[in-house]
Each structure stands twice: as structure tokens, then as C-alpha cells.
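Okay, sequence plus prediction incoming.
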Amino acid sequence: MRIITVTNQKGGVGKTTTLMNLAAVFAKNSRVLGVDTDPQRSMSDWAAAAADDLPFDFTNDTDPGNLSRLRELDYDVIFVDTPGSLRDGDILAAVLESADFAIVPFTPEGLTVQPTSRTISKFITPANVPYRLLLNKIDMRVSGQLEEWREAVDEQLQMPRFRQHIRQYKSHSDAPLMGQVVTQYPDTRQTANAIFDYSSVALELTSMWAHENQGGK
């Protein structure tokens, strides 16, 4: 079993969208559970809109005692959405106690830097949980945006990141109201890149796990 938390105390960076779409990709070949621990219940609203079409199991729980027992559940992968504010640190800490890995969505804006750094230094690093930043909501119409923020993460922040980034598409913004996840998008020229981005991040994760299983060799 792998427990993956999607974490950043900065709101609006795309934690829920990241979780829902990665969980959907993994659900093609694995038993997957999505857990909403955010009191704002964005993931719960999305799951309700999807109803029976959601391709993975779903629950919500904010009890730190229950969250510390996630590893007792019978799933291949559990994705946990976490609160996007400075409140509810006890929830985030409880999730990280059980987590194998943390995905930290990171949007290309200056106001994201300090909350992200704080989340990592205050919660992820003390829990000794490996993590990677995921550059999210990249607007390819903005010249140099991707390159500049890759350099900032690599050289100034010196934080590990996914090679793949998530581009900004209207299909992602519309998906929660429609109850759709990326594996349910129509495979057209307009959605091909959106599908590719999340599939590539999932591939990076599985490659990391395979490397760990081989003893890092």
C-alpha cells in the first residue's frame, strides 16, 4: 500500500484537482481510495457531483485518530486531500504520520512561496516524509513562465520537483461542477495535453516506487 498526501497550506494551488485526477489515473489499474480531510469539503462536493461515475472509492474524515489508522484499510493506493490553511494543523500532522509521500502543488506566483516553504519546514520535513513540488496551473501563453519557475524551484528554493508540470486548461476548471475526472475527458486534440500531464505525473510516481522496490539501485 502507498499513502499519498496532497499538501500545501496555501489555498488555491490545486490540491483537490491534483488528487482527483491522479487518483483517477491510478484507478485504472489499482484499488484506490480518496480521503477528504479538508473542512471546506471541496473534494466531497466534487465526489457528490460525480456520484456513481467516480472511478475510485471516496470518504471524508477529519478525526486525527481515524486518519492515523489509514494503513489498516485494504487499498493499493490512498490519496489524502488536506486543509489549505494555517488552521487544522493537527489534521495535517496526523495524515503525514501515515504518509509514504507528499505531493506539494505549487502555482507560479510569489505569494505561494512562503506558505509552501512553511508547510514543508513545519510539517513535511519533521515527519520525515519524502516529497516533490508539482508545478501547477502553468499558463503556456505566458512566455518563459515555466522556465523561470523551474529555475526558481531548482536553484533558489532548492526543493525537489516532478519533471512533469500541469498546464492550465478550462477542462480542469469545469470538471468539479460536471463531476468529471481526467480519465473521463473526451480524448480530443483539446484535451490530449490535459490527460497527458496527469498520466505523466502518475508514471513518475510509479517509477519512484519501482526504484525503491529495487533497493535504490
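Great, that's in hand. Residues are numbered from 1 along each chain as shown.

Looking at stretch 76-88 now, give me its mean pLDDT.
For stretch 76-88, mean pLDDT rounds to 86.

I'd like the C-alpha coordinates of that stretch written as PDB, please.
C-alpha atoms of stretch 76-88 as PDB (Å, rounded to 0.1, in the frame of the first residue of the first chain):
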ATOM      1  CA  ASP A  76      -3.400  -0.300  -3.100                       C
ATOM      2  CA  VAL A  77      -3.100   3.500  -3.100                       C
ATOM      3  CA  ILE A  78      -4.800   6.000  -0.800                       C
ATOM      4  CA  PHE A  79      -4.700   9.700  -1.700                       C
ATOM      5  CA  VAL A  80      -5.500  12.200   1.100                       C
ATOM      6  CA  ASP A  81      -6.600  15.800   0.500                       C
ATOM      7  CA  THR A  82      -5.500  18.100   3.300                       C
ATOM      8  CA  PRO A  83      -6.600  21.500   4.600                       C
ATOM      9  CA  GLY A  84      -5.500  24.500   2.700                       C
ATOM     10  CA  SER A  85      -5.000  27.000   5.500                       C
ATOM     11  CA  LEU A  86      -2.900  27.500   8.600                       C
ATOM     12  CA  ARG A  87      -5.700  26.000  10.700                       C
ATOM     13  CA  ASP A  88      -6.200  22.300  11.300                       C
END
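
Could I get the contacting residues of Phe56?
The contact partners of Phe56, by CB atoms under 8 Å, 6 or more residues apart in numbering, come to Ala23, Ala24, Phe26, Ala27, Val32, Leu33, Gly34. (Glycine included, C-beta is placed from N, CA and C.)

same check, this time on Met1
Arg71, Leu73, Tyr75, Asp76, Val77, Ile78.

how close does it sit to Ser207?
18 Å (CB to CB, to the nearest Å).

Most neighbours among the contacts of Met1, which one?
Ile78 (26 neighbours; other CB atoms under 10 Å).

can you map out the helices along this protein?
15-26, 42-50, 64-67, 89-98, 113-119, 145-151, 170-178, 192-213 (DSSP state H).

Format these as TSV; extra columns: mean neighbour count and distance to Leu134.
TSV is the format used below for these (neighbours: other CB atoms under 10 Å; distance: least, CB to CB, whole Å):
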stretch	mean neighbour count	distance to Leu134
helix 15-26	26	6
helix 42-50	19	17
helix 64-67	16	22
helix 89-98	20	17
helix 113-119	17	11
helix 145-151	14	12
helix 170-178	15	13
helix 192-213	15	7
